[in-house]
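[1] Make a model of this:
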Amino acid sequence: MLNTTDKIKQNGDKITFSSDKEKVYYQGTMEDTEIPWNIDITYTLDGKKITPEKLAGKSGGLKIHIKIDKNEKCTSDFYDSSALMASMILDTENCENITADGATLANVGANKQISYTVLPGKGLDAEVTADVKDFEMDAVAINAVKMNLDVDIDDTELTDKVTQIMDAAKQLNDGAGALSDGTDSMVDGSSSLSDGAESLDRGINSLDLGLETLKSGVSDMQKQSIPYLLRSVNCLRQKNRLRVCRIIL
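    Residues are numbered from 1 along each chain as shown. Got it, this is the predicted structure:
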């Protein structure tokens, strides 16, 4: 018994007990009984298979392969009516570059929790990889939950919807990257515009100086040309007077 000290009596396959508790929980050990699933977990370190006992304390490239499929020797309907949750916890202090395609990853303090959900009537073939040092981990936990749903589950449609959500998330991530790139381009463009404005301002100042120089040059030319013209006119006048004098004489 798990929540009471009441005694259990067993007579063949029949279990009886007496308790004043509203709910009673007990557990037992099955002998020579087939479970609905074949569960195989293997470990590979640096490309070589290794037993869990020898893996403890080792370092290198770790691969954990989990395979779950139907046990044809079991006659119960648990495989088609129950969902599985397979999970493990890796310590990020001695496990880096953790990958687990198709799993749900969550940070739990300094640990990384890796969870797989297996729908009724489906199996699992998954790999978890990591670079490890002085490796150690708790056992992989696999729990079954009976699905009491009065509806048919179209797992193909469900998978398609999940794929659509993942694609949408990827598009959102790509869009965020494009927005970041566009922001960088806008900043670069603003910088180029600012440089162009400064160049234009310098050009305008140079033009102003040129106009001032031109104005000064015209003024000097006028000052020098007018006296010269006056002298030329006077000379012409004097020549004309001499001609007139010669005609009279």
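
[2] Tell me who's in contact with Thr42.
    Lys49, Ile64, His65 (C-beta atoms under 8 Å, 6 or more residues apart in numbering). All C-beta spots, glycine's among them, are computed from the backbone N, C-alpha and C.

[3] cool, Ile8 as well?
    Applying C-beta under 8 Å, 6+ apart, the residues near Ile8 are Met1, Ile15, Thr16, Phe17, Tyr26.

[4] farthest-separated two in the residues you listed?
    Spanning the widest gap among those are Met1 and Thr16, at 12.4 Å by C-beta to C-beta.

[5] between the two, who's got more neighbours?
    Counting neighbours by other C-beta atoms under 10 Å for Met1 and for Thr16 shows that Met1 has the greater number, 14 against 9.

[6] which residues of this protein fall in helices?
    Along the chain, counting by DSSP state H, helices occupy 52-55, 78-81, 155-248.

[7] Can you report how many residues neighbour Ile64?
    21.

[8] Surely it and Val132 touch.
    No: between Ile64 and Val132 there is no contact under C-beta atoms under 8 Å: 10.3 Å.

[9] which sections of this structure are below the confidence cut-off?
    Within the chain, the ranges that satisfy pLDDT under 70 run 1, 148-159, 161-162, 166, 169-170, 173-174, 176-197, 199-249.

[10] Now Asn71. Nearest residue, chain neighbours left out?
    Leaving aside its sequence neighbours, Asn71 sits nearest to Asn38 (C-beta to C-beta, 6 or more residues apart in numbering; 4.9 Å).

[11] Phe135 too?
    Lys58 (5.5 Å).

[12] circling back to that earlier point, show me the contacts of Thr42 that map onto strands.
    Lys49, Ile64, His65 (DSSP state E).

[13] Any idea what the last one is bridged to?
    As for beta bridges, His65 partners with Thr42, Glu127 under DSSP bridges.
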